[in-house]
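Peer 1: this one's structure only:
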């Protein structure tokens, strides 16, 4: 099976892919997942109780959240380990519950790929569970780019989401990020050994760290709409006798949330959220099937709302192969830490998993995406196009109108409003906020050109609103790096992209200074967004093809994170290692020509040894491998300080080639020799650890 996006992001639990490769644009896929459309899930108490009694999950949301990320990849169905009746349930391997579930042979051996017989069995089950059965799909990272994949995220009911939010919420908490990393490193120490291929694993760990640093909260920001729900899934239980009346009441409750929820944000509106009913039933009951069909027709005819039917219960599920579910890649940091503390295996019948994916694909392709495109088209026609036609190439008239705009304020609806806490935001119906939503939704659907044009147009209107402006600068730059332009040139980076990023950082910094005017050493929420901007810039610059040109900009962002952001010690070492990766990737384009010439020469006439040595010296001069080794050496030293022996050992292994034949680096008073001594002293610890794993 090919390496998938989910396999790579959780490579620690898919070590059979440890020697695979990933495409250079992996960062773009992570960003696409991080800003993917959000679906809120609400259900009745009766349905949640029914799910709890059957599948031991608290609610429908806890059920559906496992199906987040790339819907078309069907990772839960493709990556399963059948459980025999003799297996102890506590021995099942799950994403965040492996600490007490070691099996014979250590971490690598316990992570097995299904056998051929199991593959055949799973194929038949998938065919039965997949409507049509003939549709070909592949979860290979190399067979689909990020614009061809549709990612989604699930979140709690909208009212719960609103009531649990706080105006002081950060995008991520630096301490929590450090706790997550420490827990992940403990798992890495436990489930790897001396023979584990570690190069790709280390990149995977960093990208997991990166994904949490750019999207790890459900906080509803007033300045951007990436975490705002696009679809509200309203579920009822047909098996419990729930019918049209309950569905109608739930819909009315959803539409009136802005009146019933005390702290409903003024920058949100249920008008821009698509309600969809989910009718859950028992497929063995013909009466319930008919009731679903009739109710779906009635809801569409009388309430103008589409419905989907999900057979959550069926007799054949009890005899079906069980799938061990893993946590979605884009879980919030709070959820990840919760499952670290109390890992609970969750298993579902494979047939139900495939049926759920079928329903979600219908939801995404037939309902959600068309709804988003209709909204985008409407906003373009009513807001963006008139704005362009009026002001494009006419800056004088724009300035003239802005100067006299105060004369018309009494006749026009106000764009700004205050919530009950006294905070002032653009209201949901304002032109500025709708344009921001147009840009964000275009990003979600990978229409980066429209997103860029909208951000660029919006920047001009937000000069007096720095918090809105900073985010627009940031995502205007990101849209170009994601693909708004087919080719990103040196001139574009220098004159357009990097200035946007620098203006975003300066604006974020000014906002933080205003919030922290008391002089106290407080880390205000906007600081986490500033950090996100630098993470995004560094990884997206590294994803460009011309690494010689783009890498210095990535280095600048990472160095700024190290010097200005209050990350924990392990988080900082991850940045040191990424600096090393940057230098390793920075190769002069001329080296390709020299390598090509050398290959041609080798095939025609074998070079003499002197020519070989000369060619190698020239080649080394066109790389930055010595700098890469130096920063990896610094990282190794810092890992030793944190007693992370496995990470330090891997760092030293990676730089062996760079120092081969250089005797002076092994002097007793230099850092490399000192680290080797410390590692030798710790070797007993590592050997004892490996022996313990084998015995276990």
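Peer 2: Right, received. Where do you want to start? All values derive from a computational prediction rather than experimental measurement. Numbering: from 1, shown residues only.
Peer 1: Tell me where the stretch 301-450 of the chain has strands.
Peer 2: 307-313, 322-324, 347-349, 416-418, 424-426 (DSSP state E, counting those that start in this stretch).
Peer 1: I'd say residue 198 and residue 650 touch.
Peer 2: Yes - here residue 198 lies in contact with residue 650, judged by C-beta atoms under 8 Å, at a distance of 4.7 Å. All C-beta atoms are positioned from the backbone trio N, CA, C, and that covers glycine.
Peer 1: Format the strands of the stretch 301-450 of the chain as JSON lines; extra columns: mean pLDDT and distance to residue 292.
Peer 2: Shown next, in JSON lines, are these (pLDDT from 0 to 100; distance: least, C-beta to C-beta, whole Å):
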{"stretch": "strand 307-313", "mean pLDDT": "96", "distance to residue 292": "4"}
{"stretch": "strand 322-324", "mean pLDDT": "89", "distance to residue 292": "25"}
{"stretch": "strand 347-349", "mean pLDDT": "93", "distance to residue 292": "20"}
{"stretch": "strand 416-418", "mean pLDDT": "88", "distance to residue 292": "42"}
{"stretch": "strand 424-426", "mean pLDDT": "91", "distance to residue 292": "41"}
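Peer 1: Compare the ones you listed and report which one is nearest to residue 538.
Peer 2: strand 424-426 (30.1 Å; C-beta to C-beta).
Peer 1: Adjacent strands (with direction) for that closest one?
Peer 2: If you go by DSSP bridges, strand 424-426 pairs up with strand 416-418 (antiparallel).
Peer 1: What's the mean pLDDT across stretch 552-565?
Peer 2: The predicted model assigns stretch 552-565 a mean pLDDT of 94.
Peer 1: Counting neighbours, which bits of stretch 2-21 end up buried?
Peer 2: Neighbour-count burial for stretch 2-21, counted by 16 or more other C-beta atoms under 10 Å, picks out 3-15, 17-18, 20.
Peer 1: And residue 486, its phi and psi?
Peer 2: Note on residue 486: backbone dihedrals following degrees, to the nearest 10 are phi -60, psi -40.
Peer 1: ok, residue 587 touching residue 546?
Peer 2: No - using C-beta under 8 Å, residue 587 is not in contact with residue 546, being 10.4 Å away.
Peer 1: Between these two, which has more neighbouring residues?
Peer 2: residue 587 (18 against 14; other C-beta atoms under 10 Å).
Peer 1: what residues does stretch 257-268 touch?
Peer 2: 158-159, 162-163, 220, 222, 228, 253, 269-270, 417-420, 425-428, 433 (C-beta atoms under 8 Å, 6 or more residues apart in numbering).
Peer 1: Select only the buried ones of the residues you listed in ChimeraX?
Peer 2: With 16+ other C-beta under 10 Å as the criterion, this ChimeraX line picks the buried residues out of the contacts of stretch 257-268:
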select :158,159,162,220,222,228,269,270,419,425,426,427,428,433
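Peer 1: any idea of the mean pLDDT in the strand or helix carrying residue 583?
Peer 2: Assigned by DSSP states H and E, residue 583 belongs to helix 569-585. For helix 569-585, the mean per-residue pLDDT is 95.
Peer 1: quick one: contacts of that helix?
Peer 2: 174, 177-178, 181-182, 185, 202-203, 205-206, 209, 538, 542, 547, 551, 554-555, 558-559, 561-562, 567, 624-625, 627-632, 634-635, 638-639, 641-642, 644, 647, 651.
Peer 1: Output the below-cut-off pLDDT ranges for the chain.
Peer 2: By pLDDT under 70, the weakly predicted segments of the chain are 1, 79-140, 143-148, 166-170, 388-414, 515-524, 590-623, 661, 684-696.
Peer 1: all strands for it, in order.
Peer 2: 38-43, 69-70, 151-155, 229-237, 274-282, 307-313, 322-324, 347-349, 416-418, 424-426 (DSSP state E).
Peer 1: and the angle from the first one to strand 229-237?
Peer 2: With axes from the mean of the first three to the mean of the last three C-alpha atoms, to 10 degrees defining the directions, strand 38-43 sits at 20 degrees from strand 229-237.
Peer 1: circling back: name the residues of the helix holding residue 583 that come out as buried.
Peer 2: 570-585.
Peer 1: what's the offset of it from the middle of its chain?
Peer 2: 20 Å (C-alpha atoms, centre = their mean, to the nearest Å).
Peer 1: What of stretch 50-60?
Peer 2: For stretch 50-60, the distance to the chain centre is 27 Å (C-alpha atoms, centre = their mean).
Peer 1: Quick check: end-to-end length of that stretch?
Peer 2: 10 Å (C-alpha to C-alpha, to the nearest Å).
Peer 1: The strands of the chain: which one's closest to residue 487?
Peer 2: In terms of C-beta to C-beta, the element of those nearest to residue 487 is strand 151-155, at 25.3 Å.
Peer 1: strands paired with that closest one, and their directions?
Peer 2: strand 38-43 (parallel), strand 69-70 (antiparallel).
Peer 1: Dump those strands into a markdown table; add mean neighbour count as well.
Peer 2: A markdown table is the format used below for the strands paired with strand 151-155 (neighbours: other C-beta atoms under 10 Å):
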| stretch | mean neighbour count |
| --- | --- |
| strand 38-43 | 24 |
| strand 69-70 | 23 |
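Peer 1: Which residue ranges of the stretch 551-696 of the chain form helices?
Peer 2: With DSSP state H, counting those that start in this stretch as the criterion, the stretch 551-696 of the chain has helices at 569-585, 590-604, 609-621, 625-641, 645-654, 671-695.
Peer 1: just the stretch 151-300 of the chain next, same as before
Peer 2: 158-163, 174-190, 199-214, 244-255, 257-260, 286-298.
Peer 1: looking at those helices, which is buried most?
Peer 2: Greatest average neighbour count among those goes to helix 199-214 (a mean of 20), per mean count of other C-beta atoms under 10 Å.
Peer 1: Next, the angle helix 645-654 makes with it.
Peer 2: Using the same axes, to 10 degrees: helix 199-214 against helix 645-654 is 120 degrees.
Peer 1: by contact count, what packs against helix 199-214?
Peer 2: Other helices and strands packing on helix 199-214, by 3 or more C-beta pairs under 8 Å, 6 or more residues apart in numbering; DSSP states H and E, are helix 5-9, helix 26-34, helix 174-190, helix 526-542, helix 569-585.
Peer 1: Format the strands of the chain as TSV; extra columns: distance to residue 669.
Peer 2: Below are these laid out as TSV (distance: least, C-beta to C-beta, whole Å):
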stretch	distance to residue 669
strand 38-43	56
strand 69-70	50
strand 151-155	52
strand 229-237	60
strand 274-282	67
strand 307-313	68
strand 322-324	52
strand 347-349	57
strand 416-418	64
strand 424-426	60
